[in-house]
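# sequence isn't available, so here's the structure alone:
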């Protein structure tokens, strides 16, 4: 589960970087077009810098997932990091779903899909982390 979550994060990181080739379209598809236009008014490079930063975060999350699965060298603070990453994704997924349901208008399908993806990744990290550390104590 951690391996799957790790690889998904790396794919998301790469997709962010590739998406910069078509930045305006990517921002519109992901629903952040207006925010990025406002950010670009401060400086034209800020949407790109922010996207690269977000891509790095996804990549690091992916590395932690792969490290916890034993595919890479063990990274520092591995156990708490896995559960923090899981929490971030679960809160993001559930929070956005609740926010969408509380709106008076019909919720856009894309936002719901992004929330379900985040929730799925969070559950992968949570279950993977529990399998690796919490349930392992019973065998000791």
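Structure's in. What do you need? Given the structure is predicted, the values throughout are model-derived calculations rather than measurements.
# list the contacts of the closest residue to residue 82 other than its chain neighbours.
Distance criterion C-beta to C-beta, 6 or more residues apart in numbering; nearest residue to residue 82, sequence neighbours excluded, is residue 129 at 4.2 Å. C-beta: built from backbone N, CA, C; applies to glycine. Residue 129 is in contact with 2, 68, 79, 82, 83, 86, counting by C-beta atoms under 8 Å, 6 or more residues apart in numbering.
# element containing the last one?
So the one you mean is residue 86. In the assignment (DSSP states H and E), residue 86 maps to helix 78-102.
# now the helix or strand following that helix, how far from the chain's geometric center?
Heading C-terminal from helix 78-102, the first helix or strand you meet, by DSSP H and E, is helix 109-129. Remark: helix 109-129 is offset 8 Å from the chain centroid, using C-alpha atoms, centre = their mean, to the nearest Å.
# next, the angle from helix 109-129 to helix 78-102.
150 degrees (axes from the mean of the first three to the mean of the last three C-alpha atoms, to 10 degrees).
# quick one: contacts of stretch 13-27?
33, 35-36, 47-48, 51-52, 54-56, 58-59, 62.
# and with 6 Å instead?
33, 36, 51, 55, 58, 59 (C-beta atoms under 6 Å, 6 or more residues apart in numbering).
# now, which of the contacts of residue 129 sits nearest residue 41?
residue 86 (35.9 Å; C-beta to C-beta).
# hmm, that closest one is touching residue 126, no?
Yes: the criterion here is C-beta atoms under 6 Å, and residue 86 meets it with residue 126 at 4.1 Å.
# who's more crowded, these two?
Legend: neighbour count by other C-beta atoms under 10 Å for residue 86 and residue 126, higher for residue 86 (24 against 19).
# rewinding a little: what comes up buried for the helix holding residue 86?
81, 82, 85, 86, 88, 89, 90, 92, 93, 96, 97 (16 or more other C-beta atoms under 10 Å).
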